[in-house]
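Enquirer: I'll drop the sequence and a predicted model, then ask my questions.
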Amino acid sequence: MTDEIHNIEQLYNEFPYESFAFKESRPQHLFTLGTLFGLKPVPVENSKVLELACASGGNIIPMAFHSPSTQFLGLDLSKAEIEQGLQQITELNLKNITLRHQSINDFHEPNFKFDYIICHGIYSWVDNDTRHKILQICHDNLSENGIAYISYNTYPGWTIGNIVRDLLQYSLQTSNDPLSNVKVARSMLAFVYSGLADDASPYACLLRKEIELISHHSDSQFIHEHLATHNHALYFHQFMAQAKSHQLTFLGEAFLSTMYTDDLPLEFSQEFNNKDIISQGQYLDFIKNRRFRSTLLCHEGHKIKHSIDLLQLNQFYLQSNNEHEFIQFDELQKKELISAILQDSVNISSYPSDYCSEIPRFPAACPLARYQAQRQEFVTNRRHENIQLTPIMQILLPYLDGENDIESLIDIVGHYVSDNILVIVDKNNQPIVEEKARQQYIENITKDGLERLAKRALLLG
């Protein structure tokens, strides 16, 4: 291990990076897209999954929980984050997942094949040697019909991000205290933002928007992203050239809507559709100022088909992303259906949903969410999404074991109110003291909390 990698490890041990689920990296989603594009990926239930830079397992542990017959391996440089993840695995009694404290550069197991390799939020944040090592792992360790998911910062959209990053790097004094550097960086952002308040020029507007985005980031995000040694964006065609050097080819994008030109003026879409898929994607990035991609790769030699026709869709489940209800083909005109899919208003999947959108008399929540709700303010739902919990949702979740009916849950919330753990107020922010009004309010917030949990795919059928 080099001194640089050792220093990075120490930084991650001291300031762990927040570990979340990334819906677009879920193996079920990768299987669906692989099938859509003509690959024959291994069904998730029979597969092996590798995640590089898994942190404390916020992405891979929910995957393992919801896919008990799938085998998972996660690697991360931070010993502290791996230990945190291993503790969760023990508490959840998961037998199908291993987390390993190991640098990506030290992974040498060419005979161990994975059907899905996930590399989110690392490719742009490491040096050139490590980027090539990531692609080498994808070449050496990806099964014949395997799919690799790699996300990275892209130009031209990341140009403004680089400008702000360079500003922050330039403004820092020589300091070995990361938190002091964060404090200086936040002060500089506030200073620049204030100075541009009355500037209506396009550049000032771009800069203000970027500062607004960054200002909400946590200290660890500042340390590991904006103030880190490495943060290398690249053009899509450059990334694909690097992938090609490792005999990997373009399968698609994890976000279907980023691949197609249906939302562009007709003359644009007609021109771009005559180009090869890489050139088409690069021109789209220029036009849309794209700053981030989640690209899917596979081995060279497969016949990939990127056009979508209606006959293909017969093999998928179609679901509205607005109401999360399954839809039938005849509910949409044929042309509108494909357009809705490409605009992300309709989701396609090879797998049926495993949650309930209605509230049964004895509600039962996902056991993983019940576990997480007792330890943090967000949970991972059955669609592999991060759900921020309201106070009432966080109170309810641990009790949604299928043993408590709605009346019992109302009583439980009432006890939290009586014990002043949950404070209820009226529209004027005044405590509700009249008993009948209090009881009605408790009943209303309990039922509202259950409805929110149902709409967010946290209840079991």
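Expert: Yes, it's here. No experiment lies behind these values; they were computed from the predicted model shown.

Enquirer: can you give me the helices in the stretch 151-300 of the chain?
Expert: With helices called from DSSP state H, counting those that start in this stretch, the stretch 151-300 of the chain shows them at 159-171, 178-195, 202-215, 219-221, 236-244, 266-272, 277-288.

Enquirer: residues in contact with residue 40?
Expert: Residues near residue 40 by C-beta atoms under 8 Å, 6 or more residues apart in numbering: 34, 145. Glycine gets a C-beta too; all of them are placed from N, C-alpha and C.

Enquirer: switch the cut-off to 7 Å
Expert: residue 145 (C-beta atoms under 7 Å, 6 or more residues apart in numbering).

Enquirer: Could you do residue 224 as well?
Expert: residue 17.

Enquirer: Nearest to residue 101 among the helices of the stretch 151-300 of the chain would be which one?
Expert: helix 219-221 (18.7 Å; C-beta to C-beta).

Enquirer: Can you give the distance of that closest one from its chain's centre?
Expert: From the chain centre to the centre of helix 219-221 is a distance of 17 Å (C-alpha atoms, centre = their mean, to the nearest Å).

Enquirer: Check stretch 203-219 too.
Expert: Counting by C-alpha atoms, centre = their mean, stretch 203-219 comes out at 21 Å from the chain centroid.

Enquirer: Equivalent analysis for stretch 252-271, please.
Expert: Distance of stretch 252-271 from its chain centroid, counting by C-alpha atoms, centre = their mean, is 22 Å.

Enquirer: Please point out which parts of that stretch sit buried.
Expert: Residues of stretch 252-271 classed as buried by neighbour count (16 or more other C-beta atoms under 10 Å): 252, 253, 254, 256, 258, 259, 260, 261, 264, 269.

Enquirer: That stretch: end-to-end distance?
Expert: Chord length of stretch 252-271, first to last residue, is 20 Å (C-alpha to C-alpha, to the nearest Å).

Enquirer: coming back round to it: now the two most distant members of the buried residues of stretch 252-271.
Expert: Between all members of these, the farthest pair (by C-beta to C-beta) comes out as 254 and 269, at 21.6 Å.

Enquirer: Hmm, residue 38 and residue 145 touching each other?
Expert: No: using C-beta atoms under 7 Å, residue 145 is not in contact with residue 38; the gap is 10.8 Å.

Enquirer: In contact with the residue nearest to residue 343 when sequence neighbours are not counted, which residues are there?
Expert: Computed as C-beta to C-beta, 6 or more residues apart in numbering, the closest residue to residue 343 that is not its neighbour in sequence is residue 257, at 5.8 Å. Residues in contact with residue 257 (C-beta under 7 Å, 6+ apart) are 342, 343, 344.

Enquirer: can you do 10 Å?
Expert: Residue 257 is in contact with 263, 341, 342, 343, 344, 345, counting by C-beta atoms under 10 Å, 6 or more residues apart in numbering.

Enquirer: quick one: low-confidence ranges for the stretch 101-250 of the chain?
Expert: Along the stretch 101-250 of the chain, the model assigns pLDDT under 70 to residues 174.

Enquirer: can you list the buried residues of stretch 252-271 in TSV and add pLDDT?
Expert: Below are the buried residues of stretch 252-271 laid out as TSV (pLDDT from 0 to 100):
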residue	pLDDT
252	97
253	97
254	97
256	90
258	88
259	88
260	82
261	78
264	77
269	75
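
Enquirer: Neighbouring strands of the longest strand anywhere in the chain in the sheet, and parallel or not?
Expert: Longest strand of the chain, by residue count under DSSP state E: strand 142-153. Taking DSSP bridges as the criterion, strand 142-153 forms sheet pairs with strand 114-119 (parallel), strand 292-299 (antiparallel).

Enquirer: Tell me the buried residues in that strand?
Expert: 142, 143, 146, 147, 148, 149, 150, 151, 152, 153.

Enquirer: Thought residue 295 was touching the fifth one, still the case?
Expert: Just to be clear, that refers to residue 148. Yes: at 8.6 Å, residue 148 and residue 295 qualify as touching, with contact defined as C-beta atoms under 10 Å.

Enquirer: intersection of neighbour lists for these two?
Expert: Joint contacts of residue 148 and residue 295 (C-beta under 10 Å, 6+ apart) are 243, 248, 251.

Enquirer: where along this protein do the strands fall?
Expert: 48-52, 71-76, 97-101, 114-119, 142-153, 248-253, 292-299, 317-320, 346-349, 378-380, 386-388.

Enquirer: Neighbouring strands of the second one in the sheet, and parallel or not?
Expert: Applying DSSP bridges, strand 71-76 is found paired with strand 48-52 (parallel), strand 97-101 (parallel).

Enquirer: for those strands, which one ends up most surrounded?
Expert: Among the strands paired with strand 71-76, strand 48-52 has the highest mean neighbour count (mean count of other C-beta atoms under 10 Å), at a mean of 25.

Enquirer: Work out the gap between it and the centre of the chain.
Expert: The chain centroid and the centroid of strand 48-52 are separated by 15 Å, computed with C-alpha atoms, centre = their mean.

Enquirer: one step back: of all the helices of the stretch 151-300 of the chain, which one comes closest to residue 14?
Expert: Judging these by C-beta to C-beta, what sits closest to residue 14 is helix 178-195, at 7.6 Å.

Enquirer: Pull out the buried positions in the longest helix that the chain contains.
Expert: Using DSSP state H to define each element, the chain has its longest helix at helix 435-455. For helix 435-455, burial by neighbour count (16+ other C-beta under 10 Å) applies to 438, 441, 442, 443, 445, 446, 449, 450, 452, 453, 454.

Enquirer: what's the burial count for residue 355?
Expert: Residue 355 has 18 neighbours, counted by other C-beta atoms under 10 Å.

Enquirer: Can you pull the phi and psi angles for it?
Expert: phi -140, psi 170 (degrees, to the nearest 10).

Enquirer: what residues go with each domain of the protein?
Expert: The chain resolves into domains spanning 3-155+233-299, 159-226, 312-349, 367-455 when parsed by automatic domain parsing.
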